[in-house]
Structure formats: structure tokens, C-alpha cells
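**Student:** Next come a sequence and a model predicted from it.
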Amino acid sequence: MDECLTVEVLDKGTVSAVRTEAKGSANGWIFVYAPGAGARLDDGFGVYAAGRLSEAGIDTVRFQFPYMESGKRRPDRNDVLEATWVAVLAEVLHDGVRVVAGGRSMGGRIASQVAAKSDEIDALALFAYPLHPPWNRSQHRDLHFPNIQIPTLFCSGTRDEFATPEELTVATATVDGAVVKLLDGADHGFNMLKRSGRTREQVWEEAVDEMIHWLPS
């Protein structure tokens, strides 16, 4: 069952979130998820992940950033994005819960930045991590990686223009104990070429199953 939440973000009003509870016996983990830059609270991958994780005994909280809440297309400043993550984490943290933070593309990137400066996150699950814009490979988004001190999973497609498999391998070598899962044939949006015979939903399933099997017990 989904529960709609409202989270106060310092000086930015409120943002919407949705909590999906684990079915049956919960295993003590909660996945806090943020979508990519162009997606809202109801992005397809986030909704799918919440449902699949619920079946595996994992709670999920999905949220959107202030610019999406107000209907804008341009993302908020970095400090506002991080502040939103901090506010949502404060809502879900309580004794005994273990937090795996992450998301798709920008949502996961900001989660990793917060994790590099915080000790309140227990693990990171980053899907389609954007190491750089496709049009500017010199704009690095991994300078904080050496400061990440928790188990971290990277799931990215082999056709992702924001991070080639080779680039991802080099960058994640600076994250102690990082695990990289390459999704064969998937692009940044987890889309597949028609001739592959695979669907985007099958890629979603592969990515989330990898997270479930990887997540520390």
C-alpha cells in the first residue's frame, strides 16, 4: 500500500513523496529514491522498483525535487538538491532502520554527494549514474567518490552516453568496494534497441534484482 507524504525543505516549501511498505515481513531496509532530472515522482523505473522491492521485504520512499514540485523544468541549484535529500532522510530515519539511498541519473548523483558527507546512509544504489554530460566529457561528476565509505552499487547500460563501461570502471575504482552491474544493450534511459529482443521493463527487472541480491543482509 502506498502512503502519500509531504516533506518540508528548508526555505523551499514542501515536496511530495510516496512511501511503499514492504509486503509481509520487512527486512529492516528502506530504499530512499529520487528520479532523474526530467522525471517526476511517478517515473516508471521508480514505481517499478518500489513494487518489486516491496515484494522482497524492503520499504521504499520516493520523492521529487522542489523544481518539479513547482512545475519547472530547470533543476534546482546543487545546494537545494542536497538539502532536499537531507530533509527526506530526516523523515525516514529512526532506530533500527537501515537506509539505502539512490535513484536514477541525477537523483542518484545527489544521493552519492550527500552520502560522501554524511554517516546516516548505510548503502547506495545508483542507476544510470551520469559521470558527465554526453556533450562534455571533461565535466566530471565523480570527484567526491573517494569520500564514499559505504557499500555502493552502480547499475548502468552498456550504451549509456553519460558513462561508458570503461569510464564507469575507472571512476568507481575510487569507491572502496564498489560493485558495477552492466546492463547489456541498455542506454541511459534503460531503453533497448528493438533488434535486441529485450524490453525496457526486462532491464528494470534485471537492475532491481541485482540490487536485491547485492544489498547486505
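**Tutor:** Nice, thanks for sending it over.
**Student:** just for the protein, where's the confidence low?
**Tutor:** Within the chain, no stretch falls below the threshold (pLDDT under 70).
**Student:** at 90 instead, please
**Tutor:** Applying pLDDT under 90 to the chain flags the ranges 1, 10-12, 24-28, 93-96, 137, 216-217.
**Student:** Please enumerate the helices of it.
**Tutor:** Along the chain, counting by DSSP state H, helices occupy 44-55, 66-69, 78-92, 106-115, 165-172, 200-214.
**Student:** Would you mind giving those as a markdown table with distance to A17 added?
**Tutor:** (C-beta placed from N, C-alpha, C; glycine too.) Listed next are these as a markdown table, based on distance: least, Cβ to Cβ, whole Å:
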| stretch | distance to A17 |
| --- | --- |
| helix 44-55 | 11 |
| helix 66-69 | 10 |
| helix 78-92 | 6 |
| helix 106-115 | 13 |
| helix 165-172 | 29 |
| helix 200-214 | 19 |
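**Student:** Turn those into a markdown table, columns for distance to L10 and mean neighbour count.
**Tutor:** Conversion of the helices of the chain to a markdown table gives the following (distance: least, Cβ to Cβ, whole Å; neighbours: other Cβ atoms under 10 Å):
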| stretch | distance to L10 | mean neighbour count |
| --- | --- | --- |
| helix 44-55 | 24 | 20 |
| helix 66-69 | 11 | 20 |
| helix 78-92 | 6 | 18 |
| helix 106-115 | 14 | 24 |
| helix 165-172 | 31 | 16 |
| helix 200-214 | 30 | 17 |
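**Student:** Select, out of those, the one closest to M1.
**Tutor:** When the helices of the chain are compared by Cβ to Cβ, helix 44-55 sits nearest M1, at 9.1 Å.
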